[in-house]
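Colleague: Structure for the following, please:
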Amino acid sequence: MTKIPQSSSRGWQRPNIYDVARRAGVSHMTVSRVLNEHPHIRETTRNRVLQVIEEMSYTPSSIARALATRRARRIGVLIDGPVQNGPNNTFRALEVAAREVGYAVSAFSISDDDASQMDSGVIELVTQGIDALCVIAPRESSLDLLRQQMTGLPTIVIKAEADAAWHTVGVDQREGARLAVQHLIRLGHRTIAHLAGPMDWFDARERTQGWRECLAEAGLSEGPFIIGDWTSDFGFEFGRSFDLGETTAVFAANDQIALGVIHGLHGRGVRVPEDVNVIGFDDLSDARHFLPPLTTVRQDFAALGELALQQIIAAIEGDTEPSHDMIQPQLIVRESTTTVAPG
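Modeller: Below you'll find the predicted structure:
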């Protein structure tokens with residue numbers, strides 16, 4: 001019987017870091033140090049390793065790097081409320097930023113109505129060999145469950161409020177609300193309603209607090225305050241049926257609510273902005289195409305993703321002291337707000 005050579009039976013395979021190390025007569029750690037341009041390598045050794053790399057057409061892969069550095073170069077991301085604009089855009093921005101520096105991302109989504117999935121999500125991600133955990137958890141109930149987990153991994157949470165347990169980054173939601181309400185006050189509005197998101201959401205609470213602070217600082221009483229969900233349907237019901245009374249402006253907790261408000265008001269003959277001003281939050285890509293184009297608060301999700309990644313890498317490299325950083329929002333003025341009509 002003729003014995004088939006091992007190389008023939010398996011065909012060509014991409015060389016790995018151990019193949020390079022064997023041919024160069026060095027350890028795989030030495031190859032790793034050469035690849036990472038470590039300064040304390042003999043020049044003769046460096047040249048020999050580089051020559052073998054060229055001969056073998058070796059390209060470092062994420063797996064090879066993981067074997068050499070004991071890191072997977074993979075970040076686990078838990079996404080709470082993934083269908084909502086904020087969590088969805090935050091994840092996409094983080095994924096882009098991670099890819100640009102050679103990190104892969106594994107994600108686990110938690111549905112809006114089942115925060116208990118946090119436990120199974122953490123387990124699934126940890127078993128994939130991640131280097132760090134990033135949690136996009138806008139709800140307090142989700143973070144309460146996370147506090148019960150002991151992963152031992154560097155963890156960063158994306159939310160506007162600081163937290164003594166973890167690194168945190170976020171967009172300054174309270175400042176965004178202040179920008180919106182201050183804009184309405186400058187236009188002469190004195191009774192400003194707020195349609196808020198669910199109070200279990202950190203962002204909804206911070207936006208509500210910003211609304212209250214601005215009114216108090218201006219010596220104004222709080223206008224109508226209604227807690228709902230994040231949907232256009234919630235805004236529509238308000239717009240079509242709520243007795244506005246003295247209300248001349250509505251601060252909606254997001255652009256989708258604002259869209260519903262405008263639709264509901266239109267159906268009963270109330271004009272925006274001539275009769276009632278409407279301002280949103282998020283600056284959806286379609287907000288400039290609302291009728292009228294929507295004044296809103298823009299969140300820079302790309303900057304948030306980059307900042308979150310910086311904090312994740314710092315944590316992986318040993319920065320264990322919890323930190324908190326925030327991105328500043330921007331007021332975008334369009335045609336849904338105007339100076340209050342006299343009389």
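Colleague: can you map out the helices along the protein?
Modeller: 6-10, 17-24, 28-35, 43-56, 62-69, 85-100, 117-126, 140-146, 173-186, 202-217, 232-241, 255-267, 301-316 (DSSP state H).
Colleague: average pLDDT across the first one?
Modeller: The average of the pLDDT scores along helix 6-10 is 35.
Colleague: Domain map for the protein?
Modeller: For the chain, the structural domains run 6-69, 74-171+301-327, 173-299, going by automatic domain parsing.
Colleague: now the last one, how far from the chain's geometric center?
Modeller: When distances are taken as Cα atoms, centre = their mean, to the nearest Å, domain 173-299 is centred 23 Å away from the chain's centroid.
Colleague: re the thing from before, figure out which of the helices of the chain is closest to residue 292.
Modeller: For these, distance to residue 292 was read as Cβ to Cβ. The smallest value, 7.7 Å, belongs to helix 255-267. All C-beta atoms are positioned from the backbone trio N, CA, C, and that covers glycine.
Colleague: quick one: contacts of the closest one?
Modeller: By Cβ atoms under 8 Å, 6 or more residues apart in numbering, the surrounding residues in contact with helix 255-267 are 85, 195, 197, 228, 230-241, 250, 252, 271-272, 275-276, 278-284, 287, 290-292, 294, 296, 336.
Colleague: likewise stretch 303-313?
Modeller: The set of residues that contact stretch 303-313 without belonging to it, under Cβ under 8 Å, 6+ apart, is 75, 90, 92-98, 101, 103, 132, 134, 154, 156, 158, 167, 169-171, 323, 325, 327.
Colleague: again with stretch 119-134
Modeller: Stretch 119-134 has contacts (Cβ under 8 Å, 6+ apart) with 66, 71-78, 94, 106, 108, 110, 145-146, 148-149, 151, 153-158, 308, 312, 315-316.
Colleague: Now for residue 101, how many residues are close by?
Modeller: Neighbouring residues of residue 101 were enumerated by other Cβ atoms under 10 Å; the total is 11.
Colleague: Quick check: chain neighbours aside, which residue is closest to it?
Modeller: residue 309 (7.0 Å; Cβ to Cβ, 6 or more residues apart in numbering).
Colleague: burial of that neighbour, as a residue count?
Modeller: Under the neighbour criterion other Cβ under 10 Å, residue 309 is assigned a count of 26.
Colleague: what does residue 268 give?
Modeller: As a burial measure, residue 268 scores 11 neighbours (other Cβ under 10 Å).
Colleague: ok, how many other residues are close to residue 331?
Modeller: So residue 331, with other Cβ under 10 Å, has 16 neighbours.
Colleague: Any chance of a PyMOL selection covering the buried ones in the contacts of stretch 303-313?
Modeller: Restricted to buried positions by 16 or more other Cβ atoms under 10 Å, the PyMOL selection for those reads:
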select buried, resi 75+90+93+94+95+97+98+103+132+134+154+156+158+167+169+170+171+327
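Colleague: Okay, now the unreliable bits of the stretch 1-150 of the chain?
Modeller: Along the stretch 1-150 of the chain, the model assigns pLDDT under 70 to residues 1-14, 36-39, 59-71, 82-83, 112-116, 149-150.
Colleague: Who are the contact partners of the nearest residue in space to residue 161 that is not next to it in sequence?
Modeller: The shortest distance from residue 161 to any residue that is not its chain neighbour, by Cβ to Cβ, 6+ apart, is 5.6 Å, and that residue is residue 202. Going by Cβ under 8 Å, 6+ apart, residue 202 touches 138, 139, 140, 159, 160, 161, 173.
Colleague: what pLDDT does residue 202 get?
Modeller: At residue 202, the pLDDT recorded in the model is 91.
Colleague: From residue 253, how far off is it?
Modeller: Note on residue 202: its distance to residue 253, by Cβ to Cβ, to the nearest Å, is 12 Å.
Colleague: The residue lying closest to residue 197 once chain neighbours are set aside: how many residues sit nearby?
Modeller: If you skip the residues right next to it in sequence, residue 197 has residue 204 as its closest partner in space, 3.4 Å away by Cβ to Cβ, 6+ apart. Residue neighbour count, defined by other Cβ under 10 Å, stands at 23 for residue 204.
Colleague: contacting residues for the closest residue to residue 46 other than its chain neighbours?
Modeller: Leaving aside its chain neighbours, residue 46 sits nearest to residue 34 (5.4 Å; criterion: Cβ to Cβ, 6+ apart). Contact analysis of residue 34 by Cβ under 8 Å, 6+ apart lists 41, 45, 46, 49, 50, 53.
Colleague: Show the contacting residues for the second one.
Modeller: Yep, that's residue 45 we're talking about. Taking Cβ under 8 Å, 6+ apart, we find residue 45 in contact with 26, 30, 34.
Colleague: Which one of these is nearest to residue 187?
Modeller: Of all the contacts of residue 45, residue 34 has the smallest distance to residue 187: 63.4 Å, by Cβ to Cβ.
Colleague: Can you verify my assumption that residue 136 contacts residue 79?
Modeller: Yes. Using Cβ atoms under 8 Å, residue 136 is in contact with residue 79, at 4.9 Å.
Colleague: which of those two has more neighbours?
Modeller: residue 136 (28 against 23).
Colleague: I'd like the distance between that one and residue 201.
Modeller: Per Cβ to Cβ, residue 136 is found 12 Å from residue 201.
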